[in-house]
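A.B. asks: fold the following.
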Amino acid sequence: LHRPALSLGGRLEFEDGTTFRGRLFGAMDRAVLGEAVFNTAMVGYVESLTDPSYREQLLCLTYPLVGNYGVPDVQAKDEFGLHAYAESDRVQASALVCGTYCDEPSHYLARETLHAWLERQGVPGIAGVDTRALTRKLRDAGSMEARIVPDGHPMADTTDWDAGQRVAPLPTAPRPGDVGVPAWGAGSEAERCLAREATRAGAAVYYGRQGEELSGLRVLALDCGMKESMVRHLCERGANVTAVPMTYDFVAAMRTGDFDGLLLSNGPGDPATCADTIRSLSSLLADVADVAAAGGPVPAVFGICLGHQLLALAAGARTYKLPFGNRGHNVPVVEHETGRCFITPQNHGYAVDATSLPPGWVASMTHANDGSNEGIRHEYLPLSSVQFHPEATGGPVDTVPLFDGFLRQCRDHRVSRLHASLGSATTAPVSRQRMAARAYSVRASPGAARSYSTGTAASRAGGGIRQHGAPAGAEGVRHFLSLYDFSAAELETLVERAIAMKHAAGGDFPLQGKTQVLLFNKASTRTRVSLTVAMAQLGGNTLFLADRDSQMGRPGKFGEPLSDTARVVSSMADVVSIRTGAHTILEDFVRHSRVPVVNALSDDVHPLQLLADVMTVVELRGGIAGKRVAFVGDGANNMAHSYARAADRFGFHLTIAAPEGYRPLLSIPDHVQVTEDVRAAVQDAHVVFTDVWSSMGQEDEQAERERVFTPYQVSPALMDLARPDALFLHCLPAHRGEEVSHDMLDDPRSAVWQEAENRMHTAKALLETLLS
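C.D. replies: Numbers count the residues shown, from 1 in each chain. All right, here's what the predicted structure looks like:
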């Protein structure tokens, strides 16, 4: 039942018996228990409430007015897919305590009141509290357990604190709006690892902004209750961030060398309860020391807040609980190396004992007020951490350049690995002085592969089909207009490389500084995304030009000859991928291009799709050579032609089932069978593929094509004729109810979603081959 804010009274009670009366807002019917802490910030209550570091805490704000600018759209996302105005998808604090609550906000971003938001999230707030007296109490007595109890609540008259009113741990899986339920008798912080409860459910990748100085670097972020603004700062600088839960084997991932750096995030609770993570970090530090001693490339490690404490514990230092913590936006920190003081945002209740740091580690920063440690670094390895929050959402930005320094160390690792892979003499052990010069400082900135067989190459040499490869262009430049532009052995290597790239945790960036231009006369979601993401993951950039953006081949005085476009574009780009309805455009472009040209689709063939299809079969069934493949539908379209060429190159048995009048237009190998009997084609097949009935300018024939092709619809019943382990493939987009039944795409035999993803992996392998 919705109640107006402040319409119900309640009490804020401390475990020592101190009580503050107030009026409730938010979820006014809930009694909650948690550690009471205070924050001195003047703004940023939305960011603070959604910060996982406040998990199971009663957040007391010392600034007297709260709610006056309301709550923005907390589910809005930014360009990286992160929450634009919040640090997570939910309110993390157990309750909010303030002096004066305003229920009539005024701000252009406000979408609801603070009361309405907290009510929806199941989190109570209490206003009218003398926050000055409350803050002095916590400063004098230290942080302590407290509870908020509404008037008339069953727990209002009990003094049995052991019964508890702690809110149940929120689920780790993202469930926006889920507020949990009271769980009487839940364990205390000392008995639980709150960071493990706050971590994400699974891994996620956030792609960085292209065109930045540090674009293409790969960072592994260990989410211990991570604020999303940390990821945003890395992505804004161009890094691709893979965020993983605390249960993830980050040590194995870092050992592969596929990541340039490791970020240890903030999070709630006592760092000492994260025993498994500390042991893993200790193992990683030992690995790093061994690699450095041998002169190998060392990845950067950067810890923030809880991550700072975990790194210190892994190194062998100690941590301790602060009397009342440091939480606010105006905390002074002194950098030892320069003597400069920075104003920092902070939120922590534990600190590192700087006197316990082992040899090789030094304290780098100190709290100017209480003298507690605010940063550590290794003397000569790129291992550092800070206690405060340089991401500074809602706070001062003095220390934001630490992210630049971290990524520059990641870049040093990337360069060192490239030198090592090339056998460069520069891979000699780095001097301690040189590594120390790279250590973190605010002044650091001015502002396992799997192998699969695709069959023997000998079975795929030749065939009676027109080769249809790229015409002669610039000398020494390779193009990919058809499968026949590569030998059978080269195609097999491409597929194996794509599978290795997919199953590795990450990879090198061999195409850093290179640019791909996409020239699309025909729109496509999958082709554009797969080529763009592939280039980004290899460290390069992509420029997209749709038909309206280019004068390529346009007739009349306002057009431009195709040869001119080819000369100009290829003089600036490193590779050009073209998607067109006329294969002759590709051939003409190649004749005048200085750089490789990729056929992203033409009316004749679609070789990129075939690479993804073959990869999918090889990945799921161990190989494709000798297998029976059925193509069902329009035998005259580009996918049928492509499958004919693939059968010739990869050595599988292909049967094309198509109506009379819709057989292949191009010559096909003698061993490819064509029939009108769709059931005979599918019988005992290992793979069944179909494509849309109307495409490439045939949309005006839609009605007639539906009449002719209806018997060729692929459905679960038709798939039952194939082998029990048969795969269904479709290059997408699919017209459900036409070439496929409505339930076929999600049938257990369907591999279309993996097939779509594999477009990106095969594109990576192809681009790497053409350019590096």
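A.B. asks: which element is residue 120 on?
C.D. replies: For residue 120, the host element (DSSP states H and E) is helix 114-121.
A.B. asks: show residues contacting that helix.
C.D. replies: 2, 5, 25-28, 45, 49, 66-67, 70-71, 74, 90-91, 96, 101, 103, 105, 124-125, 177, 179 (Cβ atoms under 8 Å, 6 or more residues apart in numbering). Bear in mind the C-beta positions are built from the backbone N, C-alpha and C, glycine included.
A.B. asks: which of the residues you listed count as buried?
C.D. replies: Buried members of those, counted by 16 or more other Cβ atoms under 10 Å: 5, 25-28, 45, 49, 66-67, 70-71, 74, 90-91, 96, 101, 103, 105, 124-125, 179.
A.B. asks: among those, name the ones in helices.
C.D. replies: Counted as lying in helices by DSSP state H, out of the buried ones among the contacts of helix 114-121, are 45, 49.
A.B. asks: in strands, which of the buried ones among the contacts of helix 114-121 appear?
C.D. replies: Counting by DSSP state E, the buried ones among the contacts of helix 114-121 place 25, 26, 66, 96, 101, 124, 125 in strands.
A.B. asks: what's the third one in contact with, if anything?
C.D. replies: So that's residue 66. 45, 96, 98, 99, 100, 101, 102, 114, 127.
A.B. asks: from those, which is closest to residue 496?
C.D. replies: Using Cβ to Cβ, residue 45 comes nearest to residue 496 of the contacts of residue 66, at 53.5 Å.
A.B. asks: the closest one is in contact with residue 93, isn't it?
C.D. replies: No: using Cβ atoms under 8 Å, residue 45 is not in contact with residue 93, being 9.8 Å away.
A.B. asks: that's a helix at residue 219, yeah?
C.D. replies: No: under DSSP: H, G, I helix; E, B strand; the rest coil, residue 219 sits outside any helix and is assigned strand.
A.B. asks: since we're on it, how many residues are nearby?
C.D. replies: 27 (other Cβ atoms under 10 Å).
A.B. asks: so how far is residue 323 from it?
C.D. replies: Distance of residue 219 to residue 323, computed by Cβ to Cβ, to the nearest Å: 35 Å.
A.B. asks: likewise residue 511?
C.D. replies: With Cβ to Cβ as the criterion, residue 511 and residue 323 are 53 Å apart.
A.B. asks: pick out the residue nearest the middle of this structure.
C.D. replies: residue 205 (1.2 Å; Cα atoms, centre = their mean).
A.B. asks: picking up where we left off before, residue 511 and residue 323: which has the busier surroundings?
C.D. replies: For residue 511 versus residue 323, neighbours defined as other Cβ under 10 Å are more numerous around residue 511 (25 against 12).
A.B. asks: check what pLDDT the more buried one gets.
C.D. replies: Residue 511 is assigned 93 on the pLDDT scale.
A.B. asks: who are the contact partners of it?
C.D. replies: Residues near residue 511 by Cβ under 8 Å, 6+ apart: 535, 538, 539, 540, 574, 767, 768, 771, 772.
A.B. asks: so after the strand or helix carrying the first one, what's the next helix or strand?
C.D. replies: Secondary-structure assignment from DSSP H and E places residue 535 in helix 525-537. Once the chain leaves helix 525-537, the next helix or strand it forms, by DSSP H and E, is strand 541-546.
A.B. asks: quick one, that following strand and helix 525-537 angle?
C.D. replies: Angular relation of strand 541-546 and helix 525-537 on a 0 to 180 degree scale: 160 degrees, by axes from the mean of the first three to the mean of the last three Cα atoms, to 10 degrees.
A.B. asks: tell me the buried residues in strand 541-546?
C.D. replies: So, applying 16+ other Cβ under 10 Å, buried residues of strand 541-546: 541, 542, 543, 545.
A.B. asks: now do stretch 272-281
C.D. replies: Applying 16+ other Cβ under 10 Å to stretch 272-281 flags 272, 273, 274, 277, 278, 280, 281 as buried.
A.B. asks: ok, stretch 562-570 next?
C.D. replies: 562, 565, 566, 569, 570.
A.B. asks: so the first one touches residue 591, yeah?
C.D. replies: No: with contact defined as Cβ under 8 Å, residue 562 and residue 591 do not form a contacting pair (9.1 Å).
A.B. asks: hmm, back to that, need the pLDDT of the residue nearest to the centre of the chain.
C.D. replies: 92.
A.B. asks: keep only those of the buried residues of stretch 272-281 that are in helices.
C.D. replies: Going by DSSP H, the helices hold 277, 278, 280, 281 from the buried residues of stretch 272-281.
A.B. asks: may I ask which two of these are separated the most?
C.D. replies: Maximum distance among those (Cβ to Cβ): 7.3 Å, for 278 and 280.
A.B. asks: quick one on the thing from earlier: what's the helix holding residue 535 in contact with?
C.D. replies: Helix 525-537 has contacts (Cβ under 8 Å, 6+ apart) with 207, 210, 216, 240, 507, 511, 514, 516, 518, 520, 541-542, 544, 577, 579, 598, 600-601, 608, 731-733, 756, 759-761, 763-764, 767.
A.B. asks: go again with 6 Å.
C.D. replies: 207, 516, 542, 577, 579, 600, 756, 759, 760, 763, 764, 767 (Cβ atoms under 6 Å, 6 or more residues apart in numbering).
A.B. asks: can you show me the strands along the stretch 51-200 of the chain?
C.D. replies: 57-61, 65-66, 95-97, 100-101, 124-127, 144-150 (DSSP state E, counting those that start in this stretch).
A.B. asks: in CSV: these, plus distance to residue 303 and mean pLDDT.
C.D. replies: CSV is the format used below for the strands of the stretch 51-200 of the chain (distance: least, Cβ to Cβ, whole Å; pLDDT from 0 to 100):
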stretch, distance to residue 303, mean pLDDT
strand 57-61, 21, 97
strand 65-66, 31, 96
strand 95-97, 28, 98
strand 100-101, 36, 97
strand 124-127, 32, 98
strand 144-150, 28, 94
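A.B. asks: please report how far the nearest residue to residue 82 once chain neighbours are set aside lies from residue 707.
C.D. replies: Using Cβ to Cβ, 6 or more residues apart in numbering and skipping the chain neighbours, the partner closest in space to residue 82 is residue 228 (4.4 Å). Distance, residue 228 to residue 707, by Cβ to Cβ: 53 Å.
A.B. asks: quick one: residue 586 from residue 602, how far?
C.D. replies: Looking at residue 586 against residue 602, where the rule is Cβ to Cβ, the gap reads 6 Å.
A.B. asks: what strand or helix carries residue 630?
C.D. replies: Per DSSP H and E: residue 630 is located in strand 628-632.
A.B. asks: go on, residue 302?
C.D. replies: Short version, using DSSP H and E: residue 302 is in strand 300-304.
A.B. asks: many thanks, have a good one.
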